[in-house]
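> What shape does this take:
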Amino acid sequence: MKVQEPRAQLDHLLRQTRFHLISFSQMADTKANILLGVSSVLLSISLTKVTDPRFTGALVVLVAFLLVTIFLALMTVIPKVASFRSTPRSADDPTFNPLYFGDYVHVSYEEYARNMEELLNDSDACYEVMVKEIYYSGIYLMQNKYRYIRLGYVFFFTGLICSTLIFFAEILRP
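You can find the predicted model right below:
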């Protein structure tokens, strides 16, 4: 990446974009926590009535969908940290991200400081690292957090609709 002329507007653009990604991540976590809380309460209430023969079919379906919803909500908020890799990378690795704690946690301070010094003294490399960070953060948000939260809401509402339909079908059955 070659930046013709580093300037304040570029810094502001990158900072603002990063701020938006953080906000989107917080929104996904908040939505997942709401979904987790509502699903857990509904699950607890449902389990107290599952032995009532009038509600058994509807509640079994609802409980199954709620369990999947809870799982998807948890997948949204559970951090996926790359530092659990079995092979830590060095600061000289081309895929090393000096802005991501999961990468630099296994690097000595001296190696990290040397790498950061080189980076901070090269504006093109500095901008490239920031752009990569923004890009991969956006990819992570879409492929992980927002995918799971969307599926969680789909399962939640599908479970409510299916269990309601089954409930009415059981009531109306002669």
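> Any stretches of this protein with poor pLDDT?
81-88 (pLDDT under 70).
> Tell me which residue lies nearest the centroid of this protein.
Nearest residue to the geometric centre of the chain (CA atoms, centre = their mean): Lys145, 2.5 Å.
> My guess is it contacts Ile22. True?
No. At 11.9 Å, Lys145 and Ile22 do not qualify as touching, with contact defined as CB atoms under 8 Å. Every residue, glycine included, has its C-beta placed from N, CA and C.
> nearest residue to Lys2 other than its sequence neighbours?
Asp124 (5.6 Å; CB to CB, 6 or more residues apart in numbering).
> That neighbour: what's it in contact with?
Neighbouring residues of Asp124 by CB atoms under 8 Å, 6 or more residues apart in numbering: Met1, Lys2, Val3.
> Which of the three states applies to it?
helix (DSSP: H, G, I helix; E, B strand; the rest coil).
> how close does it sit to Arg114?
The gap separating Asp124 from Arg114 is 18 Å, by CB to CB, to the nearest Å.
> Can you identify the element that follows the strand or helix carrying Ile134 toward the C-terminus?
Using DSSP states H and E, Ile134 sits within helix 123-140. Going down the chain from helix 123-140, the next helix or strand is helix 147-172, by DSSP H and E.
> Since that was my last question, I'll sign off now.
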